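Student: predicted coordinates and the sequence they were generated for:
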Number of protein chains: 2
Amino acid sequence: MSVPLYQAKAELFRTLGHPVRIRVLELLQDGPKPVRDLLAVIEVEPSNLSQQLAVLRRAGMVTSYRDGPLVMYSLSTPDVADLLAAGRRILGTVLTDRDALLDELRTAPDPPGPVAAGDRPRAHVTNGPPARPGR
Amino acid sequence: MSVPLYQAKAELFRTLGHPVRIRVLELLQDGPKPVRDLLAVIEVEPSNLSQQLAVLRRAGMVTSYRDGPLVMYSLSTPDVADLLAAGRRILGTVLTDRDALLDELRTAPDPPGPVAAGDRPRAHVTNGPPARPGR
DNA sequence: TTAGCACTTGCGAAATTCTTCAATTGACCT
DNA sequence: AGGTCAATTGAAGAATTTCGCAAGTGCTAA
């Protein structure tokens, strides 16, 4: 109980919250790779990559071992790939929903009377529950 | 292309990287709830909760509407629940893996000779690929 | 031994995110 | 109109992250 469950979850997601770390995980999806290969693809300074790898290591999402002169990294469990896949899915729906909403705003602008420059609503919610079908 | 795909992904995960936001999403999994109910369960100041809700709103993970005096929130898509589920799963395997590793360290401490106080290795990787079965 | 590649670590500066306080908006009631 | 509850907003300060540089470790080949 020392660390509440929802906090552990938040930390898990937070470790995925960085472009370089996402790229690393995606690259590792098809097999272990040496740092040098990662470095060749992701343009970022070696020390920076190393720091991000350290974050992933601490979180237990990747493992590393040394193979001769190079250090190899691999996903610590295939579940990581699942998580990335789930992310991809949701990104799709969230983005298309957003676009749909934008379309709606574009095609149906200010219906009734004119609106003076200074009195547009500041609230983020429009009134009433969203269209309820059975009623 | 203005926003690289992996950056959008990182932002998505980062949105989930906060205990309060995780709790909100989990609570919303079984139906829409007014802010007031969320507030009753999650102990945090109203304004703080509101800020976190705003983050979730901007990211498109929740939607809100006003129902009389209260503001209701709900998941914008059930996919969000999937993502949380995937997180739960991975958290399980990562944590048990970690524990297994700790066990191993506890049951098999320093095999050969004694180690002087000042010369433990500073590297994070131990040499050689992990146990290769077929060889 | 010396040299050089492959990576990692420590550290300070810059950028982001979190938290809280005060003020504001909206809806409802009397 | 005035009061109250529900929730949001803006802004400032604290706390965390991120990034690049300099310096180090570990391996291998001369």
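Tutor: Good, I have the coordinates.

Student: all contacts plus neighbour counts: C-alpha atoms, from now on.
Tutor: Fine.

Student: how about the residues of chain A that lie near DNA strand C?
Tutor: A:34-37, A:39, A:46-51, A:53-54, A:69-72, A:121-123, A:127 (Cα under 7 Å from any atom of the strand).

Student: pull out the buried residues from these.
Tutor: A:Pro34, A:Val35, A:Leu49, A:Leu53, A:Val71, A:Met72 (16 or more other Cα atoms under 10 Å in any protein chain shown).

Student: quick check: angle from the lengthiest helix in chain A to helix B:79-107?
Tutor: Identified as the longest helix of chain A according to DSSP state H is helix A:79-107. Computed by axes from the mean of the first three to the mean of the last three Cα atoms, to 10 degrees, the angle separating helix A:79-107 from helix B:79-107 equals 160 degrees.

Student: and the residue sitting nearest the centre point of chain A, what is it in contact with?
Tutor: Centroid-nearest residue in chain A, with Cα atoms, centre = their mean: A:Gly17, separated by 5.6 Å. Counting by Cα atoms under 8 Å, 6 or more residues apart in numbering or on different chains, A:Gly17 touches B:Lys9, B:Ala10, B:Glu11, B:Leu12, B:Phe13, B:Arg14, B:Thr15, B:Gly17.

Student: would you write a PyMOL line that selects the buried entries of those residues?
Tutor: The buried residues among the contacts of A:Gly17 can be selected in PyMOL (16+ other Cα under 10 Å) with this line:
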select buried, chain B and resi 9+10+11+12+13+14+15+17
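
Student: closest to DNA strand C among the contacts of A:Gly17?
Tutor: B:Gly17 (6.0 Å; Cα to the nearest atom of the strand).

Student: so A:Gly87 versus B:Val94, what's the distance?
Tutor: Using Cα to Cα, to the nearest Å, A:Gly87 is found at 18 Å from B:Val94.

Student: A:Leu27 now?
Tutor: Using Cα to Cα, one gets 19 Å for the distance from A:Leu27 to B:Val94.

Student: columns secondary structure, distance to B:Val80 and pLDDT on top of the contacts of A:Gly17, output as CSV?
Tutor: Converted to CSV, the contacts of A:Gly17 look like this (DSSP: H, G, I helix; E, B strand; the rest coil; distance: Cα to Cα, whole Å; pLDDT from 0 to 100):
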residue, secondary structure, distance to B:Val80, pLDDT
B:Lys9, helix, 14, 96
B:Ala10, helix, 15, 97
B:Glu11, helix, 14, 96
B:Leu12, helix, 11, 97
B:Phe13, helix, 11, 98
B:Arg14, helix, 14, 98
B:Thr15, helix, 12, 98
B:Gly17, coil, 14, 97
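
Student: what two of the contacts of A:Gly17 are the furthest from one another?
Tutor: Using Cα to Cα, those reach their maximum pairwise distance at B:Lys9 and B:Gly17, which is 12.7 Å.

Student: got a list of contacts for stretch A:74-86?
Tutor: By Cα under 8 Å, 6+ apart, stretch A:74-86 touches A:25-26, A:28-29, A:31-33, A:60-64, B:82-83, B:86-87, B:89-90, B:93-94.

Student: now do the strands in chain A.
Tutor: Using DSSP state E, the strands of chain A run over residues A:33-34, A:62-67, A:70-75.

Student: any chance you could give me the second one in CSV, C-alpha atoms only?
Tutor: The one in question is strand A:62-67. Provided in CSV are the C-alpha atoms of strand A:62-67 (Å, rounded to 0.1, in the frame of the first residue of the first chain):
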residue,chain,number,x,y,z
VAL,A,62,13.4,-2.8,-21.3
THR,A,63,16.4,-4.9,-20.3
SER,A,64,19.9,-4.5,-21.5
TYR,A,65,23.0,-6.6,-21.7
ARG,A,66,26.4,-6.2,-23.1
ASP,A,67,27.4,-8.1,-26.2
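
Student: and it, which residues are buried?
Tutor: So strand A:62-67, judged by 16+ other Cα under 10 Å, has buried residues A:Val62, A:Thr63, A:Ser64, A:Tyr65, A:Arg66.

Student: that strand to helix A:79-107, inter-axis angle?
Tutor: Using the same axes, to 10 degrees: strand A:62-67 against helix A:79-107 is 130 degrees.
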